[in-house]
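[1] Build me a structure from this.
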Amino acid sequence: QVQLVESGGDSVQAGGSLRLSCAVSEDIYSRRCMGWFRQAPGKEREGVAHHYSGTGKTYYTDAVKGRFTISKDNAKSTLYLQMNSLKPEDTAMYYCATDGVCNTHAYKYWGQGTQVTVSS
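    Next up, the predicted model:
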């Protein structure tokens with residue numbers, strides 16, 4: 001059973017930055033697709049960013065393009081999400097996932113989430 005543990009969530013003011021980390025219990029070099037999702041209160045979970053290891057291609061939802069960057073460190077078995085120019089609408093619980101299909105919600109393993117709160 002692969003375990004994922006997110007960290008880095010915090011409360012920040014609008015315009016600020018955060019870097020989320022997702023530590024994975026097993027090697028991530030060969031994991032085809034990894035992603036970040038978020039869920040705000042009363043809303044459905046949405047995909048934020050995905051990383052396809054085959055080509056290194058990344059995918060972002062329109063709301064975060066140009067502000068968020070997904071990356072991974074294979075040596076550390078860690079997935080990252082750098083979030084800049086944060087907005088109040090970015091407030092949500094953020095989850096990482098692995099072993100899935102990029103740009104979908106079809107992922108096998110999920111973390112427990114880390115809370116991001118952005119105040120205006």
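[2] Just checking: what are the partner strands of the top strand by length along the chain?
    Using DSSP state E to define each element, the chain has its longest strand at strand 92-100. Strand 92-100 pairs in its sheet with strand 33-39 (antiparallel), strand 107-110 (antiparallel), strand 114-119 (antiparallel), by DSSP bridges.
[3] could those be laid out in CSV, adding distance to D62?
    For glycine as for every other residue, the C-beta is placed from the backbone atoms N, C-alpha and C. As requested, the strands paired with strand 92-100 are exported to CSV (distance: least, Cβ to Cβ, whole Å):
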stretch, distance to D62
strand 33-39, 14
strand 107-110, 20
strand 114-119, 18
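[4] In space, what's closest to L18 - neighbours in sequence excluded?
    M83 (4.9 Å; Cβ to Cβ, 6 or more residues apart in numbering).
[5] Next up, the contacts around the residue nearest in space to the middle of the chain.
    Residue closest to the average C-alpha location in the chain (Cα atoms, centre = their mean): W36, at 2.5 Å. By Cβ atoms under 8 Å, 6 or more residues apart in numbering, the contact set of W36 is 20, 22, 47-50, 70, 79, 81, 94-97.
[6] change it to 6 Å
    For W36, the contacting residues are 48-49, 81, 96, by Cβ atoms under 6 Å, 6 or more residues apart in numbering.
[7] For S119, see how far away it is.
    Distance from W36 to S119, counting by Cβ to Cβ, to the nearest Å: 21 Å.
[8] S77 is in contact with M34, correct?
    No: under the criterion of Cβ atoms under 6 Å, M34 makes no contact with S77, lying 10.7 Å away.
[9] Looking at these two, which is more packed in?
    For M34 versus S77, neighbours defined as other Cβ atoms under 10 Å are more numerous around M34 (25 against 17).
[10] Please point out which parts of stretch 108-117 sit buried.
    Residues 109-111, 113-114, 116 are the ones in stretch 108-117 that count as buried (16 or more other Cβ atoms under 10 Å).
[11] Make TSV from these and add distance to D10 to it.
    Below are the buried residues of stretch 108-117 laid out as TSV (distance: Cβ to Cβ, whole Å):
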residue	distance to D10
Y109	24
W110	21
G111	16
G113	13
T114	9
V116	7
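[12] Can you tell me which of those is nearest G16?
    Nearest to G16 out of the buried residues of stretch 108-117 is V116 (Cβ to Cβ; 10.3 Å).
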